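> turn this into a structure:
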Amino acid sequence: MDNSTSVPLVTTEQPPLLDHSEMPQDHLKMNHKMPMPEETIIYGQTAETSTGMILSCLVVVLLCFVMKAARWARMKREETRTSSRSSARDGRITSRHLPDVILHCLQLTCSYLLMLVFMRCDVCLCAATVAGEVIARLFFASYLPIVSLKKISFNDTQ
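Numbers count the residues shown, from 1 in each chain. Got it, this is the predicted structure:
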């Protein structure tokens, strides 16, 4: 048997290292700062000026108000429905359920869109989302309160 053609079982050479320098690294970047042009809500759309970013933030705040308005309308409908009719529901789906379904769909859609905006990790859009939620809640709690019939009084000693 010839020794020159045999394959050694143990090698002392290190395997070659993989070269990652030519691979694209764009997917690893996160947008925590605000360099211009800034990407806005829709991927690929850019706000090349500060006016564009301000308008994007105003749209986010408006979306917060739409979501809170849908929630307020649903709660108001529930309050009027329980005060006008005290009988139990019979389990049928009627045309009276359609506005509730539409309002619920609107509220869910706005909630998920706001979540996606916040997940963009853009400082301005995140701040606009938080500010819009707080201002909308303050507005609806102050100017359009809903008095619930199901409130529990903690002063009762029963």
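> next structured bit after the strand or helix carrying Thr51?
Thr51 belongs to helix 50-84 when assigned by DSSP states H and E. Using DSSP H and E, the next helix or strand after helix 50-84 towards the C-terminus is helix 98-118.
> okay, buried residues for that next one please.
Within helix 98-118, the residues that count as buried by 16 or more other C-beta atoms under 10 Å are 103, 106-107, 110, 114, 117-118. Where you see a C-beta, it was placed from the backbone N, CA and C, and this is true even at glycine.
> rewinding a little: helices and strands around the helix holding Thr51, which ones?
Applying 3 or more C-beta pairs under 8 Å, 6 or more residues apart in numbering; DSSP states H and E, one finds that helix 50-84 contacts strand 46-47, helix 98-118, helix 123-143.
> the inter-axis angle of that helix versus helix 123-143?
On the basis of axes from the mean of the first three to the mean of the last three C-alpha atoms, to 10 degrees, helix 50-84 is oriented at 30 degrees to helix 123-143.
> mean confidence score for helix 50-84?
For helix 50-84, mean pLDDT rounds to 89.
> now do it against helix 98-118, angle only.
Using the same axes, to 10 degrees: helix 50-84 against helix 98-118 is 150 degrees.
> list the buried ones in helix 50-84?
52-53, 56-57, 59-61, 63-74.
> dump the helices and strands packed on helix 50-84 into CSV; add mean pLDDT and distance to Glu79 as well.
Formatted as CSV, these follow (pLDDT from 0 to 100; distance: least, C-beta to C-beta, whole Å):
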stretch, mean pLDDT, distance to Glu79
strand 46-47, 62, 41
helix 98-118, 94, 13
helix 123-143, 93, 14
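> in a markdown table, list these along with distance to Thr82.
As requested, those are exported to a markdown table (distance: least, C-beta to C-beta, whole Å):
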| stretch | distance to Thr82 |
| --- | --- |
| strand 46-47 | 46 |
| helix 98-118 | 13 |
| helix 123-143 | 20 |
